[in-house]
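A.B. asks: sequence plus the predicted model coming up.
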Amino acid sequence: MADTELIARAGGACEFCGATTDLEAQEVAPAGPALLCAACRGEAAVAMDHWRCLEGAAWSAEPAVQLAVWRKLTELADPWAIETRDAMTLLPGVEGWTRIAGAVEHRDSNGVLLASGDTVTLIKDLPVKGAGFTAKRGTAVRGISLVPDNPGQIEGRVEGQRIVILTGFVKKR
């Protein structure tokens, strides 16, 4: 889908929270793109109450938005998020995708289940490609995000850079 079509579909606003700045298409495999702001893409720090916007976005008629909302609600442990996810009326295709996505579990190097927002510690020095630094062993990575389609990867900030980290190189704190 062309960016102009996506922007028109979304009304020029983030399809989660309605923000109108720093919008980019975010691919939601296999459903297609959703238009999200930096905060909703996970590129900016937000207060936990920011995610309450998902309660309204859960009713979207767009499969990509519904799937993205369902995945984000799955990452959140707050009771309201679980209740909202359980109350979602999913489109038929989206329902099938959630069964597949629900099977993905992220585990650290010791086999401990990871959840979005956890703090992990690096167990090995990791050179960060393209950033010109090495993330040192023992570095704490707070507030991780789970990569929805890959149980072997998480995302987190190290030295101000958002990077992808293999779960085999971290342990949960």
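C.D. replies: Here it is on my side, so go on.
A.B. asks: by residue count, tell me the biggest helix in the protein.
C.D. replies: helix 63-75 (DSSP state H).
A.B. asks: now that helix - C-alpha only, PDB.
C.D. replies: Below are the C-alpha coordinates for helix 63-75, written out as PDB (Å, rounded to 0.1, in the frame of the first residue of the first chain):
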ATOM      1  CA  PRO A  63      -6.900  -6.000  10.000                       C
ATOM      2  CA  ALA A  64      -3.400  -4.700  10.400                       C
ATOM      3  CA  VAL A  65      -4.500  -2.300  13.100                       C
ATOM      4  CA  GLN A  66      -6.500  -5.000  14.900                       C
ATOM      5  CA  LEU A  67      -3.600  -7.400  14.800                       C
ATOM      6  CA  ALA A  68      -1.100  -4.700  16.000                       C
ATOM      7  CA  VAL A  69      -3.400  -3.700  18.900                       C
ATOM      8  CA  TRP A  70      -3.900  -7.400  19.900                       C
ATOM      9  CA  ARG A  71      -0.100  -7.900  19.900                       C
ATOM     10  CA  LYS A  72       0.600  -4.800  22.000                       C
ATOM     11  CA  LEU A  73      -2.200  -5.700  24.500                       C
ATOM     12  CA  THR A  74      -0.600  -9.200  24.800                       C
ATOM     13  CA  GLU A  75       2.700  -7.500  25.800                       C
END
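A.B. asks: helices or strands up against the following helix or strand past it?
C.D. replies: Next in sequence after helix 63-75, counting helices and strands by DSSP states H and E, comes helix 79-87. With contacts taken as 3 or more Cβ pairs under 8 Å, 6 or more residues apart in numbering; DSSP states H and E, helix 79-87 sits against helix 54-57, helix 63-75. Yep, even glycine has a C-beta here, placed from its N, CA and C like the rest.
A.B. asks: contact partners of helix 79-87?
C.D. replies: The contact list for helix 79-87 (Cβ atoms under 8 Å, 6 or more residues apart in numbering) reads Trp51, Arg52, Leu54, Glu55, Ala58, Trp70, Leu73, Thr74, Leu76.
A.B. asks: ok, and for that helix, which residues are buried?
C.D. replies: Ala81, Thr84, Arg85 (16 or more other Cβ atoms under 10 Å).
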